[in-house]
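J.: Sharing a sequence plus its predicted fold:
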Amino acid sequence: MRFFLFALLSSLVNLAWADDIKVLSGGAARHALEPMVASFPGHSVSFDFQTMGKLQQSLAAGQKADLLVVTTEVLERLQKDGRLPAGKAVPLARVGIGVAVHEKAPLPDISTPEAMRRTLLAAKSIVYINPKTGTSGKYVEAMLEKLNVLDQMKARTTLVNEGYAVAPVGRGEVELGIHQISEIIPVPGVRLVGELPKEFQRYTVYTMVAVSERQAVKDFMAHLTSPQARERLAKAGYTAPQ
């Protein structure tokens, strides 16, 4: 009897372990994915959120996952390198780039390219993610170049390699932050001013790719594209992929 109970318990543990879903994802998708686990019963889901640059390095080093959530840009690169098969990606969401200030600061004008330029030049300090590690950093730097203020802003610029780039704004250490909107909304102490002017806005589209063929992974992907998920995505600063 004891042996039977032990064997039954072992089989249940092994079953639960088999249902564990490991997700390797870009950091800006964190607030789209994490809240959805609570409404996905019966499975354990573990996340590893990384910048796109680090994520690619992790895959090259042999890190395994059941599900990848990456930008379309990185997806194309991984497919070109033969790391992922073509035709398996499912669009998840897209997110734009916004501007953040401290929650007690007045909202600056960023409505036009000219207004954005004035706001940047008036700022004592700015912060955005390092273009070498984060997707939005490349777009921010391109905007600064187009506005012809990149060199003028260098001495006032802080680059963050990963995580919440606008966190220093919430702590009162930096005046202006520029990052993906989904990475601004949850940061304590900051206010979202709004999106970048349309001339500079670049939307990052996140896609899901099932590395594992397990049914639990397919079920979780379906859960992430459900109406409930869409509602959650909108609250977290994402829009439906187009």
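T.: Looks like it came in fine. Numbering: from 1, shown residues only.
J.: following the helix or strand bottoming out on mean pLDDT in the chain, which helix or strand shows up next?
T.: Ranked by mean pLDDT, DSSP states H and E, the helix or strand of the chain with the weakest confidence is helix 2-18, at a mean of 37. For helix 2-18, the succeeding helix or strand toward the C-terminus, using DSSP states H and E, is strand 21-26.
J.: same for that following strand, what does it pack against?
T.: Other helices and strands packing on strand 21-26, by 3 or more Cβ pairs under 8 Å, 6 or more residues apart in numbering; DSSP states H and E, are strand 45-50, helix 52-60, strand 67-71, helix 215-224. To be clear about C-beta, it is placed using only N, CA and C from the backbone, and glycine gets the same treatment.
J.: residues contacting the residue most central in space within the chain?
T.: Central residue of the chain (Cα atoms, centre = their mean): residue 28, 1.1 Å from the mean position. Under the criterion of Cβ atoms under 8 Å, 6 or more residues apart in numbering, the neighbours of residue 28 are 95, 135-136, 180, 182-183, 204, 206.
J.: pLDDT-wise, what's the bottom of those?
T.: Within the contacts of residue 28, pLDDT reaches its minimum at residue 135, with 81.
J.: For burial, what's the neighbour tally of that one?
T.: The local packing count at residue 135 equals 24, with neighbours defined by other Cβ atoms under 10 Å.
J.: and what of residue 142?
T.: The burial count for residue 142: 14, using other Cβ under 10 Å.
J.: Please apply the same query to the one 10 residues further on.
T.: Summarising burial for residue 152: neighbours were counted as other Cβ under 10 Å, giving 13.
J.: Against residue 121, how distant is it?
T.: From residue 152 over to residue 121 the distance is 7 Å, taken as Cβ to Cβ, to the nearest Å.
J.: which regions of the chain lie under the pLDDT threshold?
T.: For the chain, applying pLDDT under 70 flags the ranges 1-19, 242.
J.: quick one, strands of this protein?
T.: Secondary structure of the chain (DSSP state E): strands located at 21-26, 45-50, 67-71, 89-95, 97-102, 126-129, 157-160, 176-180, 190-195, 204-210.
J.: Give me whichever of these is most buried.
T.: When the strands of the chain are scored by mean count of other Cβ atoms under 10 Å, the highest mean neighbour count falls to strand 176-180 (a mean of 28).
J.: helices and strands around that strand, which ones?
T.: With contacts defined as 3+ Cβ pairs under 8 Å, 6+ apart, the secondary structure elements packing on strand 176-180 are strand 97-102, strand 126-129, helix 135-146, helix 167-170.
J.: would TSV of those with distance to residue 56 be doable?
T.: Below are the helices and strands packed on strand 176-180 laid out as TSV (distance: least, Cβ to Cβ, whole Å):
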stretch	distance to residue 56
strand 97-102	21
strand 126-129	15
helix 135-146	12
helix 167-170	24
